[in-house]
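Engineer: Build me a model from this:
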Amino acid sequence: MSDILSTTINEAVYNLCYKANICLDASVYNKILSASENCKEEETKEILNTILANAQIAYKQKRPLCQDTGQVLVFLEIGQNVNIKGDFIEKTINEAVENCYQDNFFRKSVVKNAVFERTNTKTNTPAIIYTKFIEGDEINIKVLIKGGGSENKSLTKMLLPTMSEEEIISSIGDMILSAGENACPPMFVGLGFGGTMEKAAVLSKEVFFKHDFTKQETDFSEKIKKYVNEKAPKKYLNCYVLDVKTASIPTHIACLPAAITINCHSDRISCCSIKGNDIDYYHRIPEFIKTDRDNASLKEINTADIKAIRELKEGEKVLLTGEIYVARDMAHKKLKEMLNNSQTLPIEIKDKIIFYAGPCPAKPNEIIGSIGPTTAGRMDKYAVEFYNMGLLGTIGKGNRSKEVIEAIKKNNAKYFTVIGGVAALLAEKVKRSDIIAFEELGAEALYKLQVEKFPVKVEI
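Structural biologist: Alright, predicted model coming up:
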């Protein structure tokens, strides 16, 4: 038997959470870099180079790559000859996650109960833990940081067992394509087939750590990738998906469970092995390169210049300087409740710009933590009323509903988009940050920001 201390497991999980949130593994960085080097489309190249620049900023400044520091998934492989000494292993893992997120000012995004008590645990725990036993006397730990935007576009589906490979490819491929901008492409995709519904779903996440693929699995992954990239929107042609990994296992004769896990361009994984009480980490730091990002030609507009903002055309890229507000799901819900109760809002909506975001906490020497856009569509239930009240613009990612588009056009307002998942880079554009209301909501509080040369695109 081999003794492994719970304190060693605690140290390993803490460091894996830190590494995954701060630094892209070299394998992920190099896939993005390769896509940029081979890209012919100017807008796509700009997006890829911005993602690469964000990765370098995050690593050098020790900031999270994305403001959504996600739900922590831990995959444990415990050798049958291992004796764990110390605290209960789940308690150990959750303490490591809580301490890492607290010490490093990562955003806490876990609520106590999905349906009945959606209040933040303020610890980013409990982690989701999957455990299996293996031969030997070591423990393997694999950590996946799962952001909400891409997870919302992940799915399971029970396919017909008589479907041909071509039919499966087109069905799965179309589901991946439907993820769109909300999943922050270019994306990394895990596919799990077989078992039962829940087994396929777990398999689609485990596959991100897998290396020993069969030739059939590898060929299938390449066919999916080719299918998706050839049908992708022009902006992401041939690089909508940067990597696909597939695992297929036995299943019931009447079933063909299929699961798709979508990871954004920040494919945040990290793993290690523990033998005795020695930890061997497998996370590789990239060789960062300087990327070309020229914003000098973009028009800079002050957010107080209402006339100039109203005159902007769809497709224009500009730099915003001045005052904007930050509010996302729960802040919008509270604002709506105040309106329903005829209460005075903490801000004047008219002629203001709201950024749909939830930043990481700021370190003592920072103005704000990493900050980036969340999915705008989740705020559509409030947006029509706010635009009709005179809201000048919103900033987010993804598509808007038909009703919101009509409200934006009717009020000569704007919907701006910004590249998703480049939160370390965007934090540099914030020169002042103040919480205006709903401080109890943490990352979902209402903020007022002073920004300088904040890069956006006029989507609507």
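Engineer: chain center to stretch 407-419: distance?
Structural biologist: On the basis of Cα atoms, centre = their mean, to the nearest Å, stretch 407-419 sits 23 Å off its chain's mean C-alpha point.
Engineer: and what of stretch 306-326?
Structural biologist: The gap between where stretch 306-326 is centred and where its chain is centred comes out at 25 Å by Cα atoms, centre = their mean.
Engineer: Output it as PDB, restricted to C-alpha atoms.
Structural biologist: Backbone C-alpha positions of stretch 306-326 (Å, rounded to 0.1, in the frame of the first residue of the first chain) are rendered in PDB as follows:
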ATOM      1  CA  ILE A 306     -25.300  60.700 -27.800                       C
ATOM      2  CA  LYS A 307     -25.500  62.000 -31.300                       C
ATOM      3  CA  ALA A 308     -22.300  60.300 -32.400                       C
ATOM      4  CA  ILE A 309     -23.400  57.000 -31.000                       C
ATOM      5  CA  ARG A 310     -26.800  57.200 -32.600                       C
ATOM      6  CA  GLU A 311     -25.200  57.800 -36.000                       C
ATOM      7  CA  LEU A 312     -23.100  54.700 -35.900                       C
ATOM      8  CA  LYS A 313     -23.800  52.100 -38.500                       C
ATOM      9  CA  GLU A 314     -24.000  48.300 -38.200                       C
ATOM     10  CA  GLY A 315     -20.700  46.600 -38.600                       C
ATOM     11  CA  GLU A 316     -18.700  49.700 -37.500                       C
ATOM     12  CA  LYS A 317     -15.900  49.000 -34.900                       C
ATOM     13  CA  VAL A 318     -15.200  51.800 -32.500                       C
ATOM     14  CA  LEU A 319     -13.500  52.500 -29.200                       C
ATOM     15  CA  LEU A 320     -15.700  53.700 -26.400                       C
ATOM     16  CA  THR A 321     -14.400  56.100 -23.800                       C
ATOM     17  CA  GLY A 322     -16.400  57.400 -20.900                       C
ATOM     18  CA  GLU A 323     -19.000  56.100 -18.500                       C
ATOM     19  CA  ILE A 324     -20.800  52.800 -18.900                       C
ATOM     20  CA  TYR A 325     -22.800  50.600 -16.400                       C
ATOM     21  CA  VAL A 326     -22.400  46.900 -15.800                       C
END
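Engineer: Report the residue spans of the stretch 201-350 of the chain with pLDDT below the cut-off.
Structural biologist: For the stretch 201-350 of the chain, residues meeting the criterion pLDDT under 70 lie at 292-296.
Engineer: where exactly do the strands run in the stretch 351-460 of the chain?
Structural biologist: Listed in chain order, the strands of the stretch 351-460 of the chain (DSSP state E, counting those that start in this stretch) span residues 353-355, 393-396, 414-417, 430-437, 446-458.
Engineer: so which of those strands gets nearest Ile176?
Structural biologist: Smallest distance to Ile176 across the strands of the stretch 351-460 of the chain (Cβ to Cβ): 20.7 Å, for strand 414-417. In this view, the C-beta of every residue, glycine as well, is placed from N, C-alpha and C.
Engineer: if we can go back for a sec, as CSV, the strands of the stretch 351-460 of the chain with mean neighbour count and distance to Glu98 would be great.
Structural biologist: Putting the strands of the stretch 351-460 of the chain into CSV (neighbours: other Cβ atoms under 10 Å; distance: least, Cβ to Cβ, whole Å) gives the following:
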stretch, mean neighbour count, distance to Glu98
strand 353-355, 26, 28
strand 393-396, 27, 30
strand 414-417, 23, 34
strand 430-437, 15, 23
strand 446-458, 20, 24
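Engineer: and the ones you listed as JSON lines, adding distance to Ala254 and mean pLDDT?
Structural biologist: Output for the strands of the stretch 351-460 of the chain, formatted as JSON lines (distance: least, Cβ to Cβ, whole Å; pLDDT from 0 to 100):
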{"stretch": "strand 353-355", "distance to Ala254": "49", "mean pLDDT": "98"}
{"stretch": "strand 393-396", "distance to Ala254": "43", "mean pLDDT": "98"}
{"stretch": "strand 414-417", "distance to Ala254": "44", "mean pLDDT": "98"}
{"stretch": "strand 430-437", "distance to Ala254": "54", "mean pLDDT": "96"}
{"stretch": "strand 446-458", "distance to Ala254": "48", "mean pLDDT": "97"}
